[in-house]
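A.B. asks: I would like the atomic coordinates for the input below:
(one chain, ligands or ions: 1)
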Amino acid sequence: METQRVRVRIPRMHRRDFLADLARLSFLCSGVPNVWRVTGRPTLADDPFTLGVASGDPTSTSAVLWTRLAPSPLDPDGGMAGQRTAVGWEVAEDEAFSRVVRRGRYTAAPELGFSVHVDADGLQPDRPYFYRFTLPSGSSPVGRLRTMPPDGSLAPFRLAFASCQHYEQGLFTAYDHLANEDAVLVAHLGDYIYEYAGVETRVRQYATTEIRTLEHYRARYAQTKGDASLRAAHAAAAWIVTWDDHEVDNNYAGLVGENVMESEEQMRLRRAMAYQAWWEHQPVRVPRARRWSDLRIARALDWGGLARFWVLDTRQYRSDQPCGDGTQAVPCGDWADPSRTMLGEEQEQWLFEGLRASRAGWQILVNQLRIAPFDNAPGGDRRISMDQWSGYPAALDRLSGAIAAHARHRAIAITGDIHSNWVNELRARYDRPEAPVIGAEFVGTSISSGGDGRDASPGWNDDTRAENPHALWHNARRGYVICDFTPSEVRTHYRVVPFVTKPGAPVQTASSWRVQAGRPQIDRL
Ligand SMILES: [Fe+2]
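C.D. replies: The predicted structure follows:
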């Protein structure tokens, strides 16, 4: 007799769902293997919420809520003793949590450093919310966020942006001031951590040597997040986070490390560990990767119809810096090779096609590296940075072309990396003074990298001013930048602190600027 085959369609279960179900099941049953057991009452020596809370990547109905359980933050597993732990979370309309609108549970696991990422949905557009995490031993600090407004809304908003927070080189006092700015969104443009080994003579010391392992990257984030000012800034608003080089290795490019001693396999491994630790510590709506070394973080976010944020990754896919990196006279080597790329082909197409299709009023490039080239050689010679967009002239031309064609006079680039403040006109090209202005670039200084800072770098003088007519202003203090967006204009305020090597620095506004929608001028206020 012939056996009849019955085809049963088994729905494909995502492994992540399977793990979550197993974790839920093991929470209820005994007799399951220890590895799946989840405790709701972990035995902890100390407060597990030492790293604070954060929220990020809001939409009009949701936001990512973040914490990481770490009663002993610098220990390899944060002091969690391997206990897979169920954490409660709550979102409320009021700070006292008397009107809770969403709540749930999340399993914090050792594989992901006991980090917690909750995508809390079902929220109302353009509303303030409060959130916290709970364990039987107590609750986390309370964080605040605002959901994005509904599609098409032109409601004004305040954005703050920051970058480059070398923990050893200075205190994060600027974040205390940023937390009081009433910004609804904070963009971080990278260098959230630095990978270097500790140096004893500094304001404070790193706990490890140069970080190369997952445990060390985790410890570096934990030490950085131990800063109360940083935690206050996270608790105050939702963040939009991207990365730059120091989240992995200084000036790495794709799979090429800084000193070229690491093989591609070593760089892939280092990226995997660094990218995983970044994901574990940031409130990002970035799907957990199947291969951490290839974590995709480029994404877009909408503030109603007023603004679209393009969160860029200028490290992972770029060609190697030409001519040995640094600042070089051009042309040199393969500098001008049209096949060289900053964003990689896929990200470039995503951005350019997105700019073409988007009807949002402002197109905000959440960008790491200075776009407008800075030539520091007087006369006809050009000496420019090989690490910034100026080291990738073909890619820069393609970007300028896309802005000119699709976002002229409504593109605002926000930029970090160079530990100094700059206001730059974005131009169609930079080798002809008559080339039209197509947008604005606001380069923000560091939170602490470089120490106390000064009013201007020595490289900013009458000669370099004449060489760089598109650069309107410069300052080399520490601080952050505020941008107030409305349908008709964006007003930008450069906030600076006079010192970071001792506590208590006041904040001042070094300069303010206005860009009007549809007009090329950047006016100083
Ligand atoms: Fe930096």
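
A.B. asks: burial of the closest residue to residue 283 other than its chain neighbours, as a residue count?
C.D. replies: If you skip the residues right next to it in sequence, residue 283 has residue 56 as its closest partner in space, 3.2 Å away by C-beta to C-beta, 6 or more residues apart in numbering. All C-beta spots, glycine's among them, are computed from the backbone N, C-alpha and C. Counted with other C-beta atoms under 10 Å, the burial measure for residue 56 works out to 25 neighbours.

A.B. asks: so where does the closest residue to the ion within the stretch 351-500 of the chain fall, helix or strand?
C.D. replies: Closest approach between the stretch 351-500 of the chain and the ion, counting by C-beta to the ion: residue 449, at 4.7 Å. Secondary-structure assignment from DSSP states H and E places residue 449 in no helical or strand segment.

A.B. asks: what's around it, how many residues?
C.D. replies: Neighbourhood size, residue 449 [other C-beta under 10 Å]: 24.

A.B. asks: Could you confirm residue 117 falls within a strand?
C.D. replies: Yes - note on residue 117: a strand contains this position according to DSSP: H, G, I helix; E, B strand; the rest coil.

A.B. asks: distance of it from the ion?
C.D. replies: Between residue 117 and the ion the distance, using C-beta to the ion, to the nearest Å, works out to 26 Å.

A.B. asks: Could I get the contacting residues of that residue?
C.D. replies: Contact partners of residue 117, counting by C-beta atoms under 8 Å, 6 or more residues apart in numbering, are 64-66, 106, 283.

A.B. asks: cool, and residue 245?
C.D. replies: Contacts for residue 245 were tallied using C-beta under 8 Å, 6+ apart; they are 190-191, 251-252, 315.

A.B. asks: run the last query once more with 7 Å
C.D. replies: By C-beta atoms under 7 Å, 6 or more residues apart in numbering, residue 245 lies in contact with 251-252, 315.

A.B. asks: Next step: those restricted to strands.
C.D. replies: Judged by DSSP state E, strands contain none of the contacts of residue 245.

A.B. asks: can you redo the residues you listed as JSON lines with pLDDT?
C.D. replies: Output for the contacts of residue 245, formatted as JSON lines (pLDDT from 0 to 100):
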{"residue": "251", "pLDDT": "97"}
{"residue": "252", "pLDDT": "97"}
{"residue": "315", "pLDDT": "98"}
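
A.B. asks: Got a quick ChimeraX command for the buried subset of these?
C.D. replies: Typed into ChimeraX, the next command selects the buried ones out of the contacts of residue 245 (criterion: 16 or more other C-beta atoms under 10 Å):
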select :251,252,315
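
A.B. asks: hang on, isn't the residue of the stretch 351-500 of the chain closest to the ion packed against residue 166?
C.D. replies: Yes - contact status for residue 449 versus residue 166: in contact at 3.9 Å, counting by C-beta atoms under 7 Å.

A.B. asks: ok so, going back, report the contact partners of the residue nearest to residue 283.
C.D. replies: Contacts of residue 56 (C-beta under 7 Å, 6+ apart): 64, 66, 238-241, 282-284.

A.B. asks: Show me what secondary structure element comes after the longest strand seen in the chain.
C.D. replies: The strand of greatest length in the chain, counted in residues with DSSP E as the criterion, is given as strand 471-485. On the C-terminal side of strand 471-485, the nearest following helix or strand under DSSP H and E is strand 489-497.

A.B. asks: Next up, phi/psi of the residue of the stretch 201-350 of the chain found nearest the ion, please.
C.D. replies: Nearest to the ion, among the residues of the stretch 201-350 of the chain, is residue 246, at 5.9 Å (C-beta to the ion). Its backbone dihedrals place residue 246 at phi -70, psi -10, with angles given as degrees, to the nearest 10.

A.B. asks: Burial check on it, number of neighbours?
C.D. replies: For residue 246, the tally of surrounding residues (other C-beta under 10 Å) stands at 24.

A.B. asks: Over to residue 354?
C.D. replies: 16.

A.B. asks: Where do the strands of the stretch 151-300 of the chain begin and end?
C.D. replies: Listed in chain order, the strands of the stretch 151-300 of the chain (DSSP state E, counting those that start in this stretch) span 157-162, 185-188, 238-241, 299-303.

A.B. asks: For stretch 263-274, report the contacting residues that lie outside it.
C.D. replies: Residues lying outside stretch 263-274 but in contact with it, judged by C-beta under 7 Å, 6+ apart, are 212-214, 217, 247-249, 252, 255-257, 262, 292-293.

A.B. asks: what's the answer for stretch 285-297, then?
C.D. replies: Residues lying outside stretch 285-297 but in contact with it, judged by C-beta under 7 Å, 6+ apart, are 57, 64, 119, 242-243, 268, 271-272, 275-276, 279, 284, 299, 311, 313.

A.B. asks: chain center to that stretch, what's the gap?
C.D. replies: Using C-alpha atoms, centre = their mean, to the nearest Å, we find the averaged C-alpha position of stretch 285-297 to lie 14 Å away from the chain's own average C-alpha position.

A.B. asks: Which residues of the stretch 301-450 of the chain lie near the ion?
C.D. replies: In this structure, the stretch 301-450 of the chain approaches the ion at residues residue 449, judged by C-beta under 5 Å from the ion.

A.B. asks: sorry, back to before: ok, now which ones touch the residue of the stretch 351-500 of the chain closest to the ion?
C.D. replies: For residue 449, the contacting residues are 164-166, 169, 191, 419, by C-beta under 7 Å, 6+ apart.

A.B. asks: okay, these in CSV with pLDDT next?
C.D. replies: Listed next are the contacts of residue 449 as CSV, based on pLDDT from 0 to 100:
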residue, pLDDT
164, 98
165, 98
166, 98
169, 98
191, 98
419, 98
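
A.B. asks: want to throw those residues into JSON lines with neighbour count?
C.D. replies: Formatted as JSON lines, the entries for the contacts of residue 449 read as follows, by neighbours: other C-beta atoms under 10 Å:
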{"residue": "164", "neighbour count": "26"}
{"residue": "165", "neighbour count": "27"}
{"residue": "166", "neighbour count": "23"}
{"residue": "169", "neighbour count": "23"}
{"residue": "191", "neighbour count": "25"}
{"residue": "419", "neighbour count": "24"}
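
A.B. asks: For the stretch 51-200 of the chain, which segments count as helices?
C.D. replies: Across the stretch 51-200 of the chain, reading from the start of the chain, the helices by DSSP state H, counting those that start in this stretch fall at 173-178.

A.B. asks: Likewise for the stretch 401-525 of the chain?
C.D. replies: According to DSSP H, counting those that start in this stretch, the stretch 401-525 of the chain carries its helices in the segments 462-467.

A.B. asks: who in this structure is up against the ion?
C.D. replies: Residues of the chain lying close to the ion by C-beta under 5 Å from the ion are 164, 191, 449.

A.B. asks: backbone phi and psi for the closest residue to the first one other than its chain neighbours, please?
C.D. replies: To tie it back to what came earlier, the one meant is residue 164. Taking C-beta to C-beta, 6+ apart, and ignoring the residues beside it in sequence, residue 164 has residue 446 as its nearest neighbour in space, at 3.4 Å. The main-chain torsion angles of residue 446 are listed as degrees, to the nearest 10 and equal phi -80, psi 160.

A.B. asks: Confirm for me that residue 446 is in contact with residue 167.
C.D. replies: No - taking C-beta under 7 Å as the contact criterion, residue 446 and residue 167 are not neighbours in contact, 11.7 Å apart.

A.B. asks: Quickly list what the closest residue in space to residue 509 that isn't next to it in sequence is bridged to.
C.D. replies: In space, and not counting its chain neighbours, residue 509 is closest to residue 493: 5.3 Å by C-beta to C-beta, 6+ apart. Beta bridges link residue 493 to residue 482, residue 512 when assigned by DSSP bridges.

A.B. asks: Thank you kindly, that will do.
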